[in-house]
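S.K.: my questions are about this predicted structure, shown below with the sequence.
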Amino acid sequence: MKIKRQKQAKKTISFYKYNFSFRQPFQILIDGTFCQAALKNKIQIKEQMPKYLMGEVQLCTTSCALKELETLGKELYGARIILQRFQSRRCAHLKSPVPASECLLSMLEETNPHHYFVATQDHALTDGLKKIPGVPLLYIILNTIVLDKPAQASLDRVQAVQLGELVSPAQQKSIRSLKEEQGITGQQDGERKGKKRKRRQSNPNPLSCLKKKKKGGPTPPLKKAAAAAGADGEKRKRSRNKKQRTAGGDNMAAPVVTNA
């Protein structure tokens, strides 16, 4: 049973890692109800939580959750002692504390930008958390810590991103970092959209400025050239030098015969 729970937890953590950019150390917001259940079932939160989530964790709470346990009296004294050991995250209710469920929901805002896990046994808070995409929920059942499966709001968000209807938080972060590297701000983007780009005046093509070459007449064929030469009627015959032998064996050049 423990191995099966571990596999399911690993699968759920991978879902939040790849789709909502969760990274270690995991930040876990804990309220008084979770600490009370852990005390009742003899669960050591600091020891068992990192083993179950297979990574480093930061256990934290809010001042409103601590204040709520103080007002509830001695019955929750042990839970308050456990909760005081965790880090306290600053909330917006320092001057006027609110119920822990309302405070934790305000810490998550609409998209859980700080990537909090929430550990609670409060059913009203659980119903509110399931409406926010990208919120892993932890609770205690049968003396064990359980990581709940992704809520329908998280599944719908992932499906919308895959269909191209929304931009995932990881993509938004990468777009922001690229804009910062290139020095592009939102105001500059608005200015670029409002202004029309002016076309630069380009110089004329140098090849188009050259003078056109005059086309020469067609060359006469060989037959026409030969006919033109025959019309003159003066064909020259080649003359040969004939050598005659004398009686003494000397060669004597014959006189050159030319046609008058």
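M.R.: Cool, the structure landed. Numbering: from 1, shown residues only.

S.K.: below-threshold pLDDT in the stretch 51-200 of the chain: ranges please.
M.R.: 165-175, 184-200 (pLDDT under 70).

S.K.: please enumerate the helices of it.
M.R.: Counting by DSSP state H, counting those that start in this stretch, the stretch 51-200 of the chain has helices at residues 63-72, 77-84, 100-108, 123-129, 152-162, 169-181, 186-194.

S.K.: what are the buried residues along the first one?
M.R.: It stands for helix 63-72. 63-69 (16 or more other CB atoms under 10 Å). The C-beta positions use only the backbone N, C-alpha and C, and glycine is treated the same way.

S.K.: could you dump those to CSV with distance to residue 149?
M.R.: Formatted as CSV, the buried residues of helix 63-72 follow (distance: CB to CB, whole Å):
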residue, distance to residue 149
63, 31
64, 28
65, 25
66, 30
67, 32
68, 28
69, 29
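
S.K.: among these, which one sits closest to residue 6?
M.R.: residue 65 (28.5 Å; CB to CB).

S.K.: what's the longest helix in the protein?
M.R.: helix 2-20 (DSSP state H).

S.K.: that one: which residues count as buried?
M.R.: Neighbour count says helix 2-20 has 9, 12-13, 15-16, 19-20 buried, by 16+ other CB under 10 Å.

S.K.: equivalent analysis for stretch 130-149, please.
M.R.: 130, 132-140, 145, 147-148.

S.K.: before we move on, what about stretch 105-114?
M.R.: Buried, per 16+ other CB under 10 Å, within stretch 105-114: 105, 107-108, 112.

S.K.: quick check: residue 32 touching residue 80?
M.R.: Yes. Counting by CB atoms under 8 Å, residue 32 does reach residue 80; the two are 7.0 Å apart.

S.K.: picking that back up, ok, of the buried residues of stretch 105-114, which one's closest to residue 44?
M.R.: Closest approach to residue 44 among the buried residues of stretch 105-114 (CB to CB): residue 107, at 24.9 Å.

S.K.: contact partners for residue 144?
M.R.: Contacts here follow CB atoms under 8 Å, 6 or more residues apart in numbering; on that basis residue 144 touches 5, 43.

S.K.: equivalent analysis for residue 85, please.
M.R.: Contacts of residue 85 (CB under 8 Å, 6+ apart): 46, 59.

S.K.: distance-wise, check it relative to residue 93.
M.R.: The gap separating residue 85 from residue 93 is 21 Å, by CB to CB, to the nearest Å.

S.K.: do the same with residue 43
M.R.: Taking CB to CB, one finds residue 43 at 28 Å from residue 93.

S.K.: chain neighbours aside, what residue packs nearest to residue 130?
M.R.: With CB to CB, 6 or more residues apart in numbering as the criterion, residue 130 has its nearest non-adjacent residue at 4.0 Å, and that residue is residue 151.

S.K.: contacts only, for the one you found.
M.R.: 129-131, 133, 135, 137.

S.K.: again, but for residue 48
M.R.: Applying CB under 8 Å, 6+ apart, the residues contacting residue 48 are residue 145.
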